[in-house]
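Undergrad: sequence and predicted structure below; questions after.
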Amino acid sequence: MSLSMEWDSCNQVTVSRSALRHNLTQIRRRAGGAGVMAMVKADAYGHGMIETARVCAAAGVEAFGVAEVGEGVALRRAGIAQEVLVLLGLWPETAAAFPAHGLTPVLLDGTMIEPLAAAAAAAAIVQPVQVKVDAGMGRCGLLPGEIPALLARIAAEPWLRCTGLMAHFPSSEEAQAASTEQVRHEFLALLRHLGLAEAEGLRRHLANSGGIFHVPGQGLNLVRPGISLYGYHPDGARGTARLREEGISLQPALRCTTRVLQVKQVAVGAGLGYGHTHVTRRPTTLAVLPIGYDDGYLRDCSNRGQVLLHGQRASVLGRVSMNITLVDVTDIAGVAVGDEAVVLGRQGDDCVSADEVAGWMNTISYEVLCLLGNRNERKYEG
């Protein structure tokens, strides 16, 4: 979160451009020659949509995926020229933005056709669209049996042209999930039934990060890396370890740090934080860190989380507050005001990963990156 003042925040997110480029290289190794659509929705999972898109564009990425039209417009205004796919389709009031800014909506059902066709006709621009198949998640899109009728309606509109058909794996992070192979089989069967399995100029895509690494030979021409672009596997540390065994290495691109605000001594029996959920059992040296749940470091980390100070682990004691977290530095020599504390990332020989933080927060790495990345000052390196 950028501050509208002249002072920097004590909490800092640093994004490594070189890590993003490295991860793209690893993704292309497993993409089987398919094009790459980099998922940059949610402000690039906390990494900053514009700068991430610029790095990816310079590295040759063919397309970008965003959630809403405003994100697509922002990419265009930043000079991004590649195809931009808007995954959540359109509303009648946003239809005109698609031909105006050269964006491609995903049509989720037939209600989106009329307003988009009218906007395209008014602009005298043939508007590309893609179609979403609900492959078993119950979320957006139409079931396979409903797709032919939707494609026929699109074909009947002179100002619309279908340029892609897509679906989404529900369980591809699990390398042996039977549902993954079933989804792939049914999607390919639908393409063959429609006569589109080899159609020129048609994007055919199914693979998210898990699909890229665990579903070889998709027979499709585009992949959609999200979490893997940012250095993580959708199955967490277990998935990362599997990739490492296969010679694939992903580099986390985001590091989050804060600084020691105060160092203090407390006696045995001192209650710490709201509700005194931790009571000291020994004379304790505390480092007060100016980061809390307002900054994306959630209360779930209370009495569970760890940060790195001087390359060593310091445990969170007591409840995480809105802007303050206490950590135990009794066994870490020389901690002083102003010292860097690593909330996420590497310091010395140790690393706190988003998967580890996700375990403390009872969530997934995606949410950790979005929380910390979108709530703190961000800079880039490499």
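TA: Received, thanks.

Undergrad: low-scoring pLDDT stretches of the protein, where are they?
TA: 1-7, 136, 138, 171-178, 216-219 (pLDDT under 70).

Undergrad: spatially central residue for it, please.
TA: Closest to where the C-alpha atoms of the chain average out (C-alpha atoms, centre = their mean) is residue 45, at 3.3 Å.

Undergrad: from what I see, that one and residue 230 are in contact.
TA: Yes - judged on C-beta atoms under 8 Å, residue 45 makes contact with residue 230 at a distance of 5.2 Å. C-beta: built from backbone N, CA, C; applies to glycine.

Undergrad: got any residues that touch both of those two?
TA: Common neighbours of residue 45 and residue 230, counting by C-beta atoms under 8 Å, 6 or more residues apart in numbering, are residue 369.

Undergrad: contact partners for residue 13?
TA: Shown here is residue 13, whose contacts under the criterion C-beta under 8 Å, 6+ apart are 46, 254-256, 372-373, 376-379.

Undergrad: I'd like those as TSV, with neighbour count, secondary structure and distance to residue 13 appended.
TA: Shown next, in TSV, are the contacts of residue 13 (neighbours: other C-beta atoms under 10 Å; DSSP: H, G, I helix; E, B strand; the rest coil; distance: C-beta to C-beta, whole Å):
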residue	neighbour count	secondary structure	distance to residue 13
46	28	coil	7
254	26	strand	6
255	21	strand	7
256	30	strand	5
372	26	helix	6
373	26	helix	5
376	24	coil	5
377	14	strand	7
378	22	strand	5
379	11	strand	7
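
Undergrad: in terms of helices and strands, where is residue 315?
TA: Applying DSSP states H and E as the criterion places residue 315 in strand 312-315.

Undergrad: what's that strand in contact with?
TA: Contacts of strand 312-315 with the rest of the structure, by C-beta under 8 Å, 6+ apart, involve 287, 305-308, 327-329, 331-332, 341, 348, 350.

Undergrad: would you mind listing which of those residues are buried?
TA: Buried subset of the contacts of strand 312-315 (neighbour count, 16 or more other C-beta atoms under 10 Å): 287, 305-308, 327-329, 332, 341.

Undergrad: now secondary structure and distance to residue 239 too, for the residues you listed, in CSV please.
TA: Conversion of those to CSV gives the following (DSSP: H, G, I helix; E, B strand; the rest coil; distance: C-beta to C-beta, whole Å):
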residue, secondary structure, distance to residue 239
287, strand, 33
305, coil, 22
306, strand, 22
307, strand, 25
308, strand, 23
327, strand, 29
328, strand, 31
329, coil, 33
332, coil, 32
341, strand, 28
